[in-house]
Structures are given as structure tokens and as C-alpha cells.
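Engineer: Turn this into a structure:
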Amino acid sequence: MLSSRRFVSVFFPAVLAVTASLPLQSQGVAPTFLHRQIDAVQPRPLDVTTASCRYKPLFGLGDAQADAVRGIARFGEIIVDPGGVSAKVLYPVEEQIYFVLKGSGTLHYDSAKQPIKADDFMYLPPGIEHGVSNPSDKPLRVLVMGYNIPQGTKLQIPSQLLIANTSDVKKQVVGNHPGSTLYQLLVGDTNSKRDVIAAGHVVTSLFIMTIAPGGTNTPHAHPSDEEIYLILEGKGEMVAGGGMDGIEGRHPVAPGDAYFVRPFTTVGYYADKSPAGQSRVLAVRSRYPRTAGR
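Structural biologist: Sure thing, here's the model as predicted:
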């Protein structure tokens, strides 16, 4: 569910406040949230990269703080040059979602080829080889979201590629969220009845919020999920974390800003009141793996 009980992040920020002057590594304390600006992230070599394809790691694999995320394997951007191609990859225990940020190209899915364009989103199950190529004369930018599938999970592999475009997804108010935020429900878990694609084993919800100027996605927290927000359009303030006094942490944001938050961490968004404040935010939630001692 997108809606959940409201929480104020208390325990984790309190721990961080006490240990703020000491190295996190020596304390064994992971940050409650991480921030990245996609334009400032430098490409890193990864299995998908080639001479004509670069990968920018925002969270997870390839990022300096990869240990801060748990169920998330990787979250980053593939950039394929005009005429270029990525390496093909196959992950036995990782599911992925691709979201085309800009440009057009071709998805290579098993032995099939599928044209893709901006605002397309697709579910890529474990065990299926895939990659992208770019026959166009402009760069192709694809957001990659990968999730570790826990051992013992009974996999449900779709019989065909699951792909759609956001232009075909209705905008709606969800649950008790304010009317100033309209949701497009893109991908849910295998039991979902409301999302366009229902296939996630670890992913619980991929959605886009269109937030009116001065509107908000009311700050709240999720006890069992990791979540990432990526600002696609507009400007405003991201809420990430909070203090013992119940004051939410606000951070000015612009397109390309991305925030990762841990379970029980306050998260939300306030759009700027100016016309430029109308915001389009991509958000993805995934189950936090619970293991002994963590």
C-alpha cells in the first residue's frame, strides 16, 4: 500500500546525533538516508558497461556507501551513446525494473527485440538475459533498479515481457493522501490488483507522483520498506529524516536529486509554491530483508 501510518523518525537519527563526530564505520551505524545528484555522479565500470555505454551508480552496487542499502542491489543510470550498445546481463537472483528517462532505443530481452522510448517502464525477471542498444542519434538514458531476491523465494516468471508507458497510466488520488498529489501506479508485487504491472518479488511499489505547486506528499514512514525518491521535474523540499523534537528534515531539491531512506525514516515532499514547483517524482519501495543481527 502507498498509504501507511505516519511516523516520526526517532531512533535512527538519535543514534546518528550521538555519533555524528565519529566515523560511521567504527560505530557500525548505517545512515538513515542518502542523497545523490545524478548529474554529479561519476560513471563507474560495471557488468553492463561497454565502450559506448556508461553506468552511474546512485545507490547500491558501485556506490561508495553500497552497504547502507539492503534489499536494493543497484539503483543507477545507464547512458548509451548514439549507435552504442550495453553489455547483455543475466541475474539468477535479482529482479530489475528499467525506466527510460530520455531518448529511444531497443531492449534486447532474451532472443526478442523491443523498441523503447522515454517514460517506458518494464519488469525484467531473474534468469532472463537483457540489454539495450541505441540506434538513434541522441543518447539513451535508462534508470536501472535492481533488487536482491531472498533465498527460498518461489519465483513467478512472466511468460512475456511486461512493458508499458506512463502516458497510458491514469493519475489518481490514493488512500488518505492529499488531493494535491496524483499517483500513477506502475509496478506492484505479484499480488497487486491496482498496478499496471504486478510482478515484483521484492519491489512492492513503483509509482510517479505529480504534485501541484504548493502541494505535498505528506511526511510519513514505512516500517518494512526501503524507499527511493528521484525528482524528475519541478522543485521543492524533500523530507528525509527528523529529530527527537518531531521536526522533519527538509532538503531543497531540483531535477536529478535522489534520496534513499531506510525503514522507519520520515519521508515526504513539499512542492514549491511557484509555477515551477509543479513536481514529478518517481518513487520505488521494496521490502527490507530482515536477518538476525541486522
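Engineer: State the number of residues packed around N148.
Structural biologist: 22 (other C-beta atoms under 10 Å). C-beta: built from backbone N, CA, C; applies to glycine.
Engineer: ok, it - contacts?
Structural biologist: For N148, the contacting residues are G71, I72, A73, V93, E94, V202, P289, by C-beta atoms under 8 Å, 6 or more residues apart in numbering.
Engineer: Tell me what it is bridged to.
Structural biologist: Beta bridges link N148 to E94 when assigned by DSSP bridges.
Engineer: Please flag which of the contacts of N148 sit within strands.
Structural biologist: I72, A73, E94 (DSSP state E).
Engineer: what stretches of the stretch 151-294 of the chain score poorly on pLDDT?
Structural biologist: Filtered on pLDDT under 70, the stretch 151-294 of the chain yields the residue ranges 291-294.
Engineer: try 80
Structural biologist: 243-246, 290-294 (pLDDT under 80).
Engineer: how about the strands in it?
Structural biologist: In the stretch 151-294 of the chain, the strands defined using DSSP state E, counting those that start in this stretch lie at 162-165, 181-189, 197-200, 203-211, 216-220, 225-233, 236-242, 248-253, 257-261, 267-271, 279-287.
Engineer: repeat for the stretch 1-150 of the chain
Structural biologist: For the stretch 1-150 of the chain, the strands defined by DSSP E, counting those that start in this stretch occupy 33-37, 53-60, 72-80, 94-102, 104-109, 112-117, 120-124, 130-133, 140-148.
Engineer: These: which one's closest to A198?
Structural biologist: strand 120-124 (9.1 Å; C-beta to C-beta).
Engineer: Tell me which other helices or strands the closest one touches.
Structural biologist: On a contact count with 3 or more C-beta pairs under 8 Å, 6 or more residues apart in numbering; DSSP states H and E, strand 120-124 meets strand 94-102, strand 162-165, strand 181-189, strand 197-200.
Engineer: For the residue nearest to E233 when sequence neighbours are not counted, give me its contacts.
Structural biologist: Sequence neighbours aside, R280 is the residue nearest to E233 in space, at 4.0 Å (criterion: C-beta to C-beta, 6 or more residues apart in numbering). Going by C-beta under 8 Å, 6+ apart, R280 touches I208, M209, T210, I211, I231, L232, E233, G234.
Engineer: Can you say which of those are buried?
Structural biologist: I208, M209, T210, I211, I231, L232, G234 (16 or more other C-beta atoms under 10 Å).
Engineer: Tell me the one of those residues nearest G103?
Structural biologist: Taking these together and measuring to G103 by C-beta to C-beta, the closest member is L232, at 14.6 Å.
Engineer: Pretty sure that closest one sits against I208.
Structural biologist: Yes - using C-beta atoms under 8 Å, L232 is in contact with I208, at 7.5 Å.
Engineer: Leaving out sequence neighbours, find the closest residue to L185.
Structural biologist: Among residues not flanking L185 along the chain, D195 sits closest, at 4.6 Å (C-beta to C-beta, 6+ apart).
Engineer: again, but for G249
Structural biologist: Nearest non-adjacent residue to G249, counting by C-beta to C-beta, 6+ apart: G241, 4.2 Å away.
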